[in-house]
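> Dropping the sequence and predicted coords here.
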Amino acid sequence: KSWEDLLNPKWKGEIIWSTSRGSGAPVFIGNILAAMGREKGMGYLQRLTKQNVAKSTASARALLDLVIAGEYPLVINIFNHHAVISRKAGAPSEWQPIEPVAAPVHTVGLPKNSPHPYAAMLLIDFLLSKKGQKVFQDVNYLPAHPEMPAKEVQLKPGGGRFKKANYLNPETLLDKGDEWVDIFQKLFVK
């Protein structure tokens, strides 16, 4: 329920996280530094190294599946909607937010020199429309449209499970991502 809870000796060797730059350990590290400040955050990360957190190149979804299968009791930094989707399918799955929740912001864009730019624009228009966002909502993903709530209100900030989110936009991931990866490599990859 708190960052400190992850340091409990009972979790030593029992936690796994993804090495993915965009959603795994580096994002967790960036969130810790933003939430705690550099000095306190680095101190926390130093203490977390003693937990021997397992590393995987697998996606957050795949790591949640390992938890569901009983291979690990905890995974750090999953997408909360994946836990809800699994639970609704009958899996023993739950997520616990620790505030502020790291929230990478995903984007959609039209690549330069796209072979079919008009078709791409139509797809983007659909994805951003209420009708397109309804597709995300229906499968328990988080709609981005301001007038389209999440199917499970608890999945968005202020929806009951958490209030604070640290939104990490693509510029932040680009600007600070190398630093977070370096910290991850230095502290957790030996």
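The structure has been received and is ready for your questions. Numbers count the residues shown, from 1 in each chain.

> Give me the secondary structure label for Gly132.
When the structure is split into helix, strand and coil by DSSP: H, G, I helix; E, B strand; the rest coil, Gly132 lands in helix.

> Which residue is the nearest non-sequential neighbour of it?
Nearest-residue entry for Gly132: Phe126, 4.4 Å, with adjacent residues in sequence omitted and distances by CB to CB, 6 or more residues apart in numbering. Just so you know, the C-beta spots here come from the backbone N, C-alpha and C atoms, and that holds for glycine as well.

> Would you mark the buried spots in stretch 69-81?
When burial is assessed from 16 or more other CB atoms under 10 Å, stretch 69-81 yields the following buried residues: Tyr72, Leu74, Val75, Ile76, Asn77, Ile78, Phe79, Asn80, His81.

> swap that for stretch 36-56, sorry
Buried residues in stretch 36-56, defined by neighbour count with 16+ other CB under 10 Å: Gly41, Met42, Tyr44, Leu45, Leu48, Gln51, Val53, Ser56.

> now swap in stretch 102-120 and tell me
Of the residues in stretch 102-120, those buried under the neighbour-count criterion (16+ other CB under 10 Å) are Ala102, Ala103, Pro104.

> do stretch 169-186 as well
Counting neighbours by 16+ other CB under 10 Å, the buried set in stretch 169-186 is Thr172, Leu173, Lys176, Gly177, Trp180, Val181, Ile183, Phe184.

> closest to Gly159 among these?
Nearest to Gly159 among these, counting by CB to CB, is Thr172 at 23.4 Å.

> what's the helix or strand that contains Ala34 packed up against?
Assessed by DSSP states H and E, Ala34 sits inside helix 25-36. Of the remaining helices and strands, those touching helix 25-36 by 3 or more CB pairs under 8 Å, 6 or more residues apart in numbering; DSSP states H and E are strand 15-18, helix 38-49, strand 101-104, strand 165-168, helix 170-188.
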